[in-house]
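Q: Just a sequence and a predicted model for now, questions to come.
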Amino acid sequence: MKILNENQNINITSYGNKIGKKPGADKKAENKGVTPFNEEKVALSNQAKEFHEVSTAIKLVPDVREEKIALIQDQIARGTYEIDNKKIAEKIILDVLETRSIK
């Protein structure tokens, strides 16, 4: 993120010029070249914009897939739910290997 204010040095100079002057003296001359706050700009990089879009999309996806849970609960209730032991073992081994490689 970049904050752009081309007149920052002018603002500091203007403040320095105000010191020692009487209040209300030549206000138009003092404000000449000073950027009002409403003219400051914030520029986001394309990467920051993309990140915002992705994070917004992720927030819209539910944490729980209710349809899948209902299907599995129904299968368990009818006694038709089958567990693939080999698939579970593979996932456990992969998880252990990934956890060790991170540390």
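A: Alright, I've got the coordinates.

Q: What number of residues are in the vicinity of Tyr81?
A: 12 (other Cβ atoms under 10 Å). Glycine gets a C-beta too; all of them are placed from N, C-alpha and C.

Q: now swap in the one 4 residues further on and tell me
A: Neighbouring residues of Asn85 were enumerated by other Cβ under 10 Å; the total is 8.

Q: For Glu66, see how far away Ala89 is.
A: 28 Å (Cβ to Cβ, to the nearest Å).

Q: repeat for Asn85
A: Taken as Cβ to Cβ, the span from Asn85 to Glu66 is 26 Å.

Q: what bits of the protein have low per-residue confidence?
A: Residues of the chain meeting the criterion pLDDT under 70: 1-38, 101-103.

Q: quick one: the strands in it?
A: Applying DSSP state E to the chain gives strands spanning 2-4, 41-43.

Q: Residue ranges of each domain in the protein, please.
A: 1-61, 65-103 (automatic domain parsing).

Q: can you pull the alpha-carbon coordinates of stretch 39-55 into CSV?
A: The C-alpha coordinates for stretch 39-55 follow below in CSV (Å, rounded to 0.1, in the frame of the first residue of the first chain):
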residue,chain,number,x,y,z
GLU,A,39,-7.1,15.2,-1.8
GLU,A,40,-4.8,12.6,-0.3
LYS,A,41,-4.8,9.3,-2.2
VAL,A,42,-4.2,5.7,-1.2
ALA,A,43,-3.1,3.3,-4.0
LEU,A,44,-3.4,-0.4,-3.6
SER,A,45,-1.2,-2.8,-5.6
ASN,A,46,-2.8,-5.4,-7.9
GLN,A,47,-1.7,-8.1,-5.5
ALA,A,48,-3.4,-6.4,-2.5
LYS,A,49,-6.6,-6.0,-4.6
GLU,A,50,-6.4,-9.7,-5.6
PHE,A,51,-5.8,-10.7,-1.9
HIS,A,52,-8.9,-8.7,-0.9
GLU,A,53,-11.1,-10.4,-3.5
VAL,A,54,-9.8,-13.9,-2.5
SER,A,55,-10.3,-13.3,1.2
